[in-house]
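Q: When you get a sec, could you give me coordinates for this:
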Amino acid sequence: MPDFQLEWAETGVVCGIDEAGRGPLAGPVVAAAVILDRACVPDTLVDGLNDSKKLTASKREELLTVLETCGAAVIGIGQADVAEIDTHNILRATHMAMDRACGALGRAVDVALVDGNQPPALSLDCAVRTVVGGDGLSLSIAAASIVAKVTRDRIMAALAVDHPHYGWERNAGYGTAEHRTAMLEHGVCVHHRRSFAPVRDLCA
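A: Coordinates of the predicted model:
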């Protein structure tokens, strides 16, 4: 389970950064940056935060509500849209979203703990530490993973209202059998990533 060991090892204000949506065939990539006040984080978060993929959708929603209302978290959210993904590639677009999430914090940060092994170039003047499997190690990164995941799932559910064929409210744009079958039957739309092979092949 994640804890604050990585945060306590740093000096100054520490934020955790994670993303959601690198792998899907449609929709934006979303990143979140979260600063947790270690002196007053409620036990609900200390005991409940974890890698978002290990939590149910209802648990993620519950934890996000606590993060937004407890007064112990500063949250920044950023995204890169499909055009940016297709223009710059998914890794670069992910780093753009991370940079935007940090900027949305609205305050200075001394150290950013980033899930993964490739550091983004952040506009903030701060140190960047990459942490492989960070969402299972750092409470700040775990919080960011939940914010990013829930935010992106909500975006995809909203897009599904105008594009109901693809089941995005269920598959969040990932290349499930349902989604791929719908792409074959209905074609692709403006929210599909044409730089991704399954979409590119259909367009060809």
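
Q: going forward, measure contacts between C-alpha atoms and count neighbours the same way
A: Noted.

Q: what helices or strands is the helix ranked longest in the chain leaning on?
A: Secondary structure of the chain per DSSP state H: the longest helix is helix 139-162. Judged by 3 or more Cα pairs under 8 Å, 6 or more residues apart in numbering; DSSP states H and E, the packing partners of helix 139-162 are strand 14-20, strand 29-36, helix 57-69, strand 111-115, helix 168-171.

Q: Please put the alpha-carbon coordinates of the fourth one into CSV.
A: Below are the C-alpha coordinates for strand 111-115, written out as CSV (Å, rounded to 0.1, in the frame of the first residue of the first chain):
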residue,chain,number,x,y,z
VAL,A,111,9.6,18.3,-6.1
ALA,A,112,7.3,16.5,-8.4
LEU,A,113,7.0,12.7,-8.0
VAL,A,114,6.0,11.3,-11.4
ASP,A,115,4.7,7.8,-11.9
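
Q: For that strand, which strands pair with it and how are they oriented?
A: strand 14-20 (parallel), strand 127-131 (parallel) (DSSP bridges).

Q: Take the ones you listed and write them to TSV, including mean neighbour count and distance to residue 183.
A: Listed next are the strands paired with strand 111-115 as TSV, based on neighbours: other Cα atoms under 10 Å; distance: least, Cα to Cα, whole Å:
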stretch	mean neighbour count	distance to residue 183
strand 14-20	29	22
strand 127-131	18	36
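
Q: how about these, which one is nearest residue 187?
A: Closest approach to residue 187 among the strands paired with strand 111-115 (Cα to Cα): strand 14-20, 24.7 Å.

Q: shaky segments in this protein?
A: Along the chain, the model assigns pLDDT under 70 to no residue.

Q: on that earlier part again, report the buried residues of the longest helix of the chain.
A: Neighbour-count burial for helix 139-162, counted by 16 or more other Cα atoms under 10 Å, picks out 139-153, 155-157, 159-160.

Q: quick one: it to strand 29-36, angle?
A: Angle, helix 139-162 to strand 29-36, by axes from the mean of the first three to the mean of the last three Cα atoms, to 10 degrees: 140 degrees.
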